[in-house]
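>>> Sequence first, predicted coordinates after that:
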Amino acid sequence: MSRKGSLLALRDRDPAPSPASAEPEGRAVAPIAASTGPGPASSPVAPSRQGKKAMTGYFSPEMSFAMHMTARKHGMSLQDAMAEAFNDWLRKMGESPVGK
């Protein structure tokens, strides 16, 4: 038995009005910018991510598994393990480590 609600229950609901239907055809609608005011309700970014920038990469499943398992074995998050590796690489290249 599924814990999620059935899609059949949604079929009798009234569809939500489309905001684009009010605009004339051929005219682009500008996206609404997120509020930058203070407070958790107006911030689109989690407080722990403010002032930080994502760095991503695509690796083999084996590399991903090894990194996750080794980080966990040493009581670290993958992000902390990556920060340590990046700082070690910066030192190797003659640069100053910059922390997390």
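Ah, there it is.

>>> For the rest of this, base every contact and every neighbour count on C-alpha atoms.
Will do.

>>> Mind listing what's buried along the lowest-mean-pLDDT helix or strand in the chain?
Across the helices and strands of the chain, mean pLDDT, DSSP states H and E gives its lowest value to helix 78-92, namely a mean of 95. For helix 78-92, a neighbour-count test (16 or more other Cα atoms under 10 Å) marks Leu78, Ala81, Ala83, Glu84, Phe86, Asn87 as buried.

>>> outside of that helix, which residues touch it?
For helix 78-92, contacts defined as Cα atoms under 8 Å, 6 or more residues apart in numbering pick out Met67, His68, Ala71, Arg72, Ser96, Pro97, Val98, Gly99, Lys100.

>>> Repeat the analysis, applying 10 Å as the threshold.
Contacts of helix 78-92 from elsewhere in the structure, counted by Cα atoms under 10 Å, 6 or more residues apart in numbering, are 64, 67-72, 74-77, 93-100.

>>> And stretch 93-100, by the same measure?
Here stretch 93-100 makes contact (Cα under 10 Å, 6+ apart) with 52, 79-84, 86-91.
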